[in-house]
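Visitor: Mind folding the following:
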Amino acid sequence: MNGLPSRVTLVEVGPRDGLQNESAPVTTEAKIDLVRRLQDAGCREIEVTSYVSPKWVPQMADNHAVMSAIPRPAGVRLSVLTPNLKGLEAALADRPDEIVVFGAASEAFSRRNINCSIEESIERFRPVVEQALAQGVKVRCAISVAMGCPYQGEVSADEVERVVRAMKDIGVQHCGVADTIGVGTPRRVQAAMERALRHFPLHEVSGHFHDTYGQALANIYACLEMGIHVFDTSVAGLGGCPYAKGATGNVASEDVVFMLNGLGIDTGIHLDRLVDAGAAISAVIGRPPVSRVARALLAKRVPS
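Guide: Down below sits the predicted model:
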């Protein structure tokens with residue numbers, strides 16, 4: 001496949017990023033069932049929950065109950081979002097394999113989202129990263145609105161690199177570049193990724209794409225051409241961004257697996273079981289999967 005990776009790792013973010021903005025409560029049992037189904041489908045990297053104030057993200061208030069109940073088979077890594085020291089301390093008791101911190105590439109988004117500058121947000125993360133590393137827990141960052149901001153507009157590659165460098169300086173080990181509102185196109189994505197690769201090795205750079213303008217698969221392919229082989233995806237296309245008007249969900253895991261299968265790239269994920277997992281959680285929240293592949297495969301199962 002002319003330089004494309006032979007294997008890709010998908011980080012399944014549906015349980016956390018996918019469900020966190022659902023207005024109707026999703027039961028703890030349904031979340032545990034989703035993680036189990038994802039593991040059964042072959043997902044080996046799963047972002048499970050976040051440790052934030054229930055006041056701000058009530059959907060994740062059951063983080064401890066979920067983390068305590070989900071199975072932990074060998075070879076599966078569980079990550080959680082921890083925006084501050086209080087969240088990290090609560091998370092460490094539940095033994096995650098990795099924690100995630102978020103920083104914005106846009107000053108306007110940072111101030112509207114977390115009410116502080118980018119520089120201030122990085123300094124807030126510094127003790128979180130230090131303590132996690134001291135406990136032997138890997139630290140991943142996600143750089144949001146890296147392709148465009150709902151308040152500022154276009155975001156330059158220089159702005160992305162500024163945050164990449166700052167995250168590296170505080171000890172972050174893996175850099176995720178996120179198109180939070182889904183406005184990125186392949187060349188712009190490659191420009192941002194090139195900046196991340198200046199500071200992190202290839203295996204520690206990943207992409208996170210929303211499909212607002214239908215560009216997510218094209219953007220993933222553009223990353224594959226660069227050798228990037230780790231991507232965040234969300235089963236059934238769950239999720240969105242509450243701070244970005246009109247932003248649809250993350251790229252659907254089923255759609256990405258279907259494309260990668262067609263390219264002969266191994267993910268270790270069983271597509272039909274993944275479709276089952278997406279259908280089950282979609283039934284819980286009361287709407288069909290956003291994934292086009294899931295809809296097509298589910299339709300084929302129905303006798304004509």
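Visitor: Need the residues that contact the helix or strand of the chain with the lowest mean pLDDT.
Guide: Here the helix or strand of the chain ranked lowest by mean pLDDT, DSSP states H and E is helix 107-114, holding a mean of 89. For helix 107-114, the external contacting residues (Cβ atoms under 8 Å, 6 or more residues apart in numbering) are 83, 103-104, 116-118, 121, 144-145, 149-152, 243. From N, CA and C alone the C-beta is placed, and that goes for glycine too.
Visitor: Out of those residues, give me the two with the largest separation.
Guide: Greatest spacing in these, by Cβ to Cβ: P83 and Q152 (21.4 Å).
Visitor: These two: which is more packed in?
Guide: Counted by other Cβ atoms under 10 Å, P83 and Q152 do not tie: P83 has more neighbours, with 22 against 17.
Visitor: pretty sure the more buried one is touching V101, no?
Guide: Yes. If you go by Cβ atoms under 8 Å, P83 and V101 touch, sitting 6.8 Å apart.
Visitor: Got the phi and psi for the nearest residue to A236 once chain neighbours are set aside?
Guide: Closest residue to A236 apart from its sequence neighbours, by Cβ to Cβ, 6 or more residues apart in numbering: G278 at 3.4 Å. With angles defined as degrees, to the nearest 10, G278 sits at phi -70, psi -40.
Visitor: What is the neighbour count of G278?
Guide: Residues near G278, counting by other Cβ under 10 Å, number 33.
Visitor: mind checking how far it is from L271?
Guide: Using Cβ to Cβ, to the nearest Å, we find G278 at a distance of 11 Å from L271.
Visitor: Quickly list what's touching both of the two.
Guide: Joint contacts of G278 and L271 (Cβ under 8 Å, 6+ apart) are E254.
Visitor: Grab the nearest non-local neighbour of C149.
Guide: Nearest one to C149, counting by Cβ to Cβ, 6+ apart, is S106 at 3.7 Å.
Visitor: I'd guessed that neighbour sits against M147; true?
Guide: No. Contact criterion Cβ under 8 Å: S106 and M147 do not qualify, at 10.3 Å.
Visitor: Show me which positions of the longest helix along the chain end up buried.
Guide: For the chain, the longest helix by residue count, based on DSSP state H, is helix 118-134. By neighbour count with 16 or more other Cβ atoms under 10 Å, helix 118-134 contains the buried residues I118, S121, I122, R124, F125, V128, V129, Q131, A132, L133.
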